[in-house]
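**Q** Kindly generate the corresponding structure for this input.
(2 chains)
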Amino acid sequence: MLGYAFRRVLSAIPIALIAVTVCFFILRLAPGGPFDGERALPPTVLANLRAHYNLDQPLVVQYFIYVWRLIQGDLGPSMVIDGFDVADLIRIGFPFTLTMALCAFVIATSIGILAGILAAVNQNKWPDYVLVLIVMIGVVIPNFLNAALLQLLFGVHLGWLPAGGWVSGSIAHLVLPVTVLAWPHAARISRLMRGSMIEVLGSNYVRTARAKGLGERLVLARHAIKPALLPVVSYLGPGLSYLLTGSLAVEQIFGLPGIGKYFVTAALNRDYGIVLGTTILYMFIILALNLIVDLVYAWLDPKVRYR
Amino acid sequence: MPGITGKDTVLMDYANKLAALDAPKGRSLTQDALRRLSKNKAAVVSIGLVILIILVAFIGPFFVPWGYSEVDWTSIRKPPDFAKGHYLGTDQNGRDMLARVLQGTQMSLIVAAVATVVSVSIGVIYGAVSGYFGGRVDSLMMRFVDVMYALPYILFVIILVVMFGRNPVLLFVGIGAIEWLTMARIVRGQTLSIKEKEFIEAARASGAKPFTIIMRHIVPNLTGPVVIYATLTIPEIIIAESFLSYLGLGVQEPQTSLGTLISAGAPVAEVLPWMLLGPAAVLVTLLLCLTYIGDGLRDALDPKDR
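**A** Next up is the predicted model:
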């Protein structure tokens, strides 16, 4: 197990390095730069700015400077806002983004699993149909449209919840964004859970459990739910990274102070520093999540370890 | 010579009767799949609706009294008005919403079609080459896919669009260039099993070059999974495009797309609900139908899954 973990961590390092390289060069090869404002800067100012951010060096030198700083834990400065760097942005925005994504993750996973079980137990009866419909809506409607419709219904017509914006510490402001974020995730999980649960309920050992006289509740609790959870477990890792990136969009829509808002603004201003730093941060998170999922799987299933 | 028992006459009658009947026809896999698909009511209705939406989006503009960028100064921000020919109302600039919805649907469909073709072609060829050559080539090519997977998707699209300008063509290509990853993985997996089959060995023995084998013998055998996955890719691309347009990074005025229309309608939905509801209804119907078609095709082409 330790050996497998070690090999797996080692194999993640070159992937991370290549991904950093790809990001860096795509951003730098693109036309336009952070200093192409409407007013042209005086040449000396421009030259000084470029020198300050090492933009006057050859691209390869810039790349090595960047990687060297990255290894030391410095994700780079903003090139538009003076004295502001990616670490600041993360300190300001990331706790919020993470809180929201984790809230959505916990809520959506529990609701999704329960809904999946409920639909599978009542297969082809009305609870199943209602749940499948709700799930379909979650899968199909894009989050910005969902957000607009929910804002209109609960924020404007019913007036139960604030339609957007953020007041520090207010849970009411989080209800709609978390709902929008969690719905598709819950939908996917309940789809997986329903499918695998139906399969498990048709299997021989469940029939044996019923035949020996166990009540339906006990059959579900002791024999059916655990094996049916496996496909759901394997989706949790990608699901969480999906929620983390998806929260960028939701933050933008509801005007919440997470990383997403700053990222879109930075991209529009061609602030290479912020864009590159945020992308790389997210990439590390995704890689780490994939790594954790792989390790959990290896722990659950010995076959994977000896491949 | 008729037999004493009359057996021959009876048998002859039977043989004639059999000959008169239609011989049982063999059914190809495609026919089988089509028959299964045609039994799936949701999928059939969805196919009909999608065809209808496509036809209306492309032919409709010729019959609508207003153009999509034409301004009617006498009715600005008006609800649906049949007398003037504004069947879905007008926006803040007095442009007819029906015409705009049709144009937006057209744009979204074109983006989806082009991006799907781009992503399917890249994905199929990449996956087939990787799976066919195997070994070091395969692990190198698949590592690259892993790297691309690690890049946060939304951020990557935003970067592409911002850096390379807001050109619709680049939008198509950019979205397509990202959506091919899963396709490449699926195709590679299929290729790994197909390349061990005898007919590939036969092709190789007869001296076919690797490229010929991939294009002529492997790719045609991938049709099933590719069709299923492509159908499921279309809604994803439509969502991606409309999200970019929603952020203001996609299609630019006076051109429009469903996402642009929704993003214009959302802030004013309280007072001008028709500006949001029209495009939203089309988008949801389209996505719902495409998802049902994808699910139906999967059940039809891959019966062991049920």
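
**Q** neighbours of residue B:30, just the number please.
**A** 12 (other Cβ atoms under 10 Å in any protein chain shown). No exception for glycine: its C-beta is placed from N, CA and C like everyone else's.

**Q** Actually, residue A:45.
**A** Neighbour tally, residue A:45, other Cβ under 10 Å: 11.

**Q** now do the one 10 residues further on
**A** Summarising burial for residue A:55: neighbours were counted as other Cβ under 10 Å, giving 18.

**Q** That one touches residue A:65, doesn't it?
**A** No. Judged on Cβ atoms under 8 Å, residue A:55 makes no contact with residue A:65 at a distance of 10.7 Å.

**Q** all helices for the stretch 51-200 of chain A, in order.
**A** Taking DSSP state H, counting those that start in this stretch as the test, the helices found in the stretch 51-200 of chain A are A:59-71, A:86-121, A:126-140, A:143-150, A:172-201.

**Q** Make CSV out of those and add distance to chain B, mean pLDDT and mean neighbour count.
**A** Output for the helices of the stretch 51-200 of chain A, formatted as CSV (distance: least, Cβ to the nearest Cβ, whole Å; pLDDT from 0 to 100; neighbours: other Cβ atoms under 10 Å in any protein chain shown):
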stretch, distance to chain B, mean pLDDT, mean neighbour count
helix A:59-71, 15, 81, 13
helix A:86-121, 12, 85, 19
helix A:126-140, 5, 80, 16
helix A:143-150, 4, 80, 22
helix A:172-201, 10, 83, 22
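
**Q** for residue B:288, what are its contacts?
**A** A:136, A:140, B:46 (Cβ atoms under 8 Å, 6 or more residues apart in numbering or on different chains).

**Q** Which helix or strand lies directly C-terminal to the lowest-mean-pLDDT helix or strand in chain B?
**A** Taking mean pLDDT, DSSP states H and E as the measure, the helix or strand of chain B with the lowest value is helix B:153-163, at a mean of 68. Tracing the chain past helix B:153-163, the next element assigned as helix or strand by DSSP states H and E is helix B:168-194.

**Q** how about the following helix or strand past that following helix: buried residues?
**A** Sequence order places helix B:198-205 as the next helix or strand after helix B:168-194, per DSSP H and E. Neighbour-count burial for helix B:198-205 flags B:200, B:203 (criterion: 16 or more other Cβ atoms under 10 Å in any protein chain shown).

**Q** and if you look at stretch B:254-268?
**A** So, applying 16+ other Cβ under 10 Å, buried residues of stretch B:254-268: B:255, B:256, B:257, B:258, B:259, B:260, B:261, B:262, B:263, B:264, B:265, B:266.

**Q** and it, average pLDDT?
**A** Average pLDDT, stretch B:254-268: 79.

**Q** So which residues of chain B form helices?
**A** Secondary structure of chain B (DSSP state H): helices located at B:7-20, B:29-39, B:41-59, B:97-133, B:135-150, B:153-163, B:168-194, B:198-205, B:210-212, B:223-246, B:258-265, B:273-301.

**Q** looking at these, which has the lowest confidence?
**A** The lowest average pLDDT among the helices of chain B, as it happens, falls on helix B:153-163, at a mean of 68.

**Q** with the buried residues of stretch B:254-268 in mind, which one is nearest to residue B:15?
**A** residue B:258 (63.6 Å; Cβ to Cβ).

**Q** and the helices of the stretch 51-200 of chain A as TSV, adding distance to residue B:293?
**A** Below are the helices of the stretch 51-200 of chain A laid out as TSV (distance: least, Cβ to Cβ, whole Å):
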stretch	distance to residue B:293
helix A:59-71	45
helix A:86-121	22
helix A:126-140	12
helix A:143-150	20
helix A:172-201	17
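
**Q** how about those, which one is nearest residue A:261?
**A** Comparing the helices of the stretch 51-200 of chain A by Cβ to Cβ, helix A:86-121 comes nearest, at 7.5 Å.

**Q** and the closest one, what does it pack onto?
**A** helix A:126-140, helix A:172-201, helix A:225-228, helix A:230-254, helix A:259-268, helix A:272-300 (3 or more Cβ pairs under 8 Å, 6 or more residues apart in numbering or on different chains; DSSP states H and E).

**Q** In CSV: those, plus distance to residue B:248.
**A** Below are those laid out as CSV (distance: least, Cβ to Cβ, whole Å):
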stretch, distance to residue B:248
helix A:126-140, 23
helix A:172-201, 19
helix A:225-228, 43
helix A:230-254, 10
helix A:259-268, 9
helix A:272-300, 17
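
**Q** From the chain's centroid, how far away is stretch B:290-301?
**A** Distance, stretch centre to chain centre, for stretch B:290-301: 11 Å (Cα atoms, centre = their mean, to the nearest Å).

**Q** Let's see that stretch as PDB, backbone CA atoms only.
**A** Provided in PDB are the C-alpha atoms of stretch B:290-301 (Å, rounded to 0.1, in the frame of the first residue of the first chain):
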ATOM      1  CA  LEU B 290     -30.700  15.800 -26.800                       C
ATOM      2  CA  THR B 291     -30.100  14.100 -23.500                       C
ATOM      3  CA  TYR B 292     -33.100  11.800 -24.100                       C
ATOM      4  CA  ILE B 293     -31.800  11.000 -27.600                       C
ATOM      5  CA  GLY B 294     -28.300  10.200 -26.100                       C
ATOM      6  CA  ASP B 295     -29.800   7.900 -23.500                       C
ATOM      7  CA  GLY B 296     -32.000   6.200 -26.000                       C
ATOM      8  CA  LEU B 297     -29.100   5.600 -28.400                       C
ATOM      9  CA  ARG B 298     -27.100   4.200 -25.600                       C
ATOM     10  CA  ASP B 299     -29.800   1.700 -24.700                       C
ATOM     11  CA  ALA B 300     -30.400   0.900 -28.400                       C
ATOM     12  CA  LEU B 301     -26.800   0.400 -29.400                       C
END
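
**Q** Do any residues in that stretch lie close to chain A?
**A** Yes. Applying Cβ under 8 Å from any Cβ of the partner chain, one finds stretch B:290-301 touching chain A at residue B:291.

**Q** Can you mark which positions in that stretch are buried?
**A** B:290, B:291, B:292, B:293, B:294, B:295, B:296, B:297, B:298, B:299, B:300, B:301.

**Q** same thing with stretch B:99-118?
**A** In stretch B:99-118, counting by 16+ other Cβ under 10 Å, buried: B:99-112, B:114-116, B:118.

**Q** likewise stretch A:266-281?
**A** Buried, per 16+ other Cβ under 10 Å, within stretch A:266-281: A:266-267, A:269-281.

**Q** How about stretch A:248-263?
**A** Neighbour-count burial for stretch A:248-263 [16+ other Cβ under 10 Å]: A:248-254, A:256, A:258-263.

**Q** Throw the residues you listed into JSON lines and include pLDDT, thanks.
**A** Shown next, in JSON lines, are the buried residues of stretch A:248-263 (pLDDT from 0 to 100):
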{"residue": "A:248", "pLDDT": "78"}
{"residue": "A:249", "pLDDT": "77"}
{"residue": "A:250", "pLDDT": "82"}
{"residue": "A:251", "pLDDT": "82"}
{"residue": "A:252", "pLDDT": "78"}
{"residue": "A:253", "pLDDT": "78"}
{"residue": "A:254", "pLDDT": "80"}
{"residue": "A:256", "pLDDT": "78"}
{"residue": "A:258", "pLDDT": "77"}
{"residue": "A:259", "pLDDT": "80"}
{"residue": "A:260", "pLDDT": "76"}
{"residue": "A:261", "pLDDT": "74"}
{"residue": "A:262", "pLDDT": "77"}
{"residue": "A:263", "pLDDT": "77"}
